[in-house]
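Next one to model:
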Amino acid sequence: LSFPVLFSGFILLIFDRNFGTSFYLSDIFINGVGALPNEGGSAILYQHLFWFLGHPEVYIILLPAMGMASEILSVNSRKPIFGYMAMVGSLFAIAILAFLVWAHHMFVTGLNPFLGSVFVLLTLLIAVPSAIKVFNWLTTLWRGNIRFTPGMMFSIGFVSLFISGGLTGIWLGNSALDIHLHDTYFVIAHFHIVMGVASMFGMFAGIYHWFPKMYGRYMNNTLSYLHFWITLAGAYMIFWPMHYQGLAGMPRRYYDYSVWESFKQFAELNRFISTVAMIVFAAQLLFLFNFFYSIFKGRKVTTQNPYGSNTLEWTAPINPGHGNWVGEIPEVHRWAYDYGKDGKEFISQTTPVGADESSH
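Okay, the predicted model is just below:
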């Protein structure tokens, strides 16, 4: 829904560059002479059109990770998702509010202060459904019979990163604080933790969890845990120090800070961050090796449903390749989260309600 707005912005940009219009170009003078045949446009218009896509696009990346983490946390806690309807409702609330907060990227553009306060309110409102999701995830874990599979570890890491990255978003969502923090390393730290690293953790969780379904083999656990701990610790060691640099006013997008006396003190910290980043990158190569090696040499899956999961993909044959079920499509009688119900570990979705539900 937001992409057509960006597309329209690009069309106007093409007109400005090629057909002499001034949708974005204002009065430009070179040696006292007007350089454009037309004038009166606004570069701020381009920012509005760009960020109307730019903020929903962040959640396009994050929402699938939220969905995968919810599923994996439930399966490996052996509990239903706590507050399922609130969890689903908060997904919708985040998706809707994502369309209403774009101008929080524009607090220092000369935006009308009253309009800025409206976007502050809408931005901080996103914290409500986000907090609901965090509460539901943590309560799903609470007193669960937790199995720390690689997928589960990355899901828990996702929740950790989403909390720590989301909290700094409350700072940046405040227009008064953003005047100081805008375009500093604080923005880099917030953005990369909550969207970059957290979203990647959701992706890794999904790959580790569904790898046996995709290829009929397990990934190597030792390499998987090594990948998790290096990536989690490394992510925090890379991005947490950047918050301090940002609070000190260190601007982003400069490749050399050595000429500024006020930022020379961060040279050693930047060197540390760069070193850790290289180590974390090497850990991703470890993951790639584990992934492709396990496709051919991984330990074979011996049971159709190795995690005791209720979702229907685990009722299909374990042989990798195209195709779903042999014969009739399964008939669904109940939701996908009947874990620990009626004294049983789990009850399959295909078990009729009220039927003789023998223990699995």
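
contacting residues around Phe119?
Shown in contact with Phe119 (C-beta atoms under 8 Å, 6 or more residues apart in numbering): Val101, Trp102, Ala103, His104, Phe107, Leu111, Ser175. Every residue, glycine included, has its C-beta placed from N, CA and C.

Contacts only, for the closest residue to His243 other than its chain neighbours.
Nearest non-adjacent residue to His243, counting by C-beta to C-beta, 6 or more residues apart in numbering: Ala189, 4.8 Å away. Contacts here follow C-beta under 8 Å, 6+ apart; on that basis Ala189 touches Thr168, Phe239, Trp240, Met242, His243, Gly246.

how about CSV for those, with pLDDT added?
Formatted as CSV, the contacts of Ala189 follow (pLDDT from 0 to 100):
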residue, pLDDT
Thr168, 94
Phe239, 96
Trp240, 95
Met242, 96
His243, 96
Gly246, 95
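
Just the strands from the stretch 1-150 of the chain, written as ranges.
29-30, 33-34 (DSSP state E, counting those that start in this stretch).

Walking through the chain, point out its helices one by one.
Using DSSP state H, the helices of the chain run over 3-18, 43-77, 84-97, 113-125, 127-141, 150-172, 175-181, 185-191, 198-215, 221-247, 267-297.

Flag the shaky bits of the stretch 201-350 of the chain, pLDDT-wise.
319-323, 342-343 (pLDDT under 70).

what's the spatially closest residue to Ile132 that is not a sequence neighbour in contact with, if anything?
Closest residue in space to Ile132, ignoring its immediate chain neighbours: Ser90 at 4.4 Å, by C-beta to C-beta, 6+ apart. By C-beta under 8 Å, 6+ apart, the residues touching Ser90 are Pro129, Ser130, Ile132, Lys133, Asn136.

Val194 versus Ser90, what's the distance?
Applying C-beta to C-beta, to the nearest Å, the value for Ser90 to Val194 is 16 Å.

With Ser274 instead?
Distance from Ser274 to Val194, by C-beta to C-beta: 22 Å.

Counting neighbours, go ahead and name the busier of the two.
Just comparing Ser274 and Val194: by other C-beta atoms under 10 Å the higher neighbour count belongs to Val194, 23 against 10.

Would you agree that one is in contact with Ile170?
No: checked against C-beta atoms under 8 Å, the pair Val194 and Ile170 is beyond contact range at 11.2 Å.

thought Tyr84 was touching Thr140?
No: with contact defined as C-beta under 8 Å, Tyr84 does not reach Thr140; the gap is 9.8 Å.

Same drill for those two, tell me which one is more crowded.
When Tyr84 and Thr140 are compared for neighbours, Thr140 comes out ahead with 25 against 16, by other C-beta under 10 Å.

That one - nearest residue in space that isn't next to it in sequence?
The spatial neighbour of Thr140 that comes closest, neighbours along the chain excluded (C-beta to C-beta, 6+ apart), is Phe82 at 4.7 Å.

Surely that neighbour touches Ile132?
No: using C-beta under 8 Å, Phe82 is not in contact with Ile132, being 10.5 Å away.
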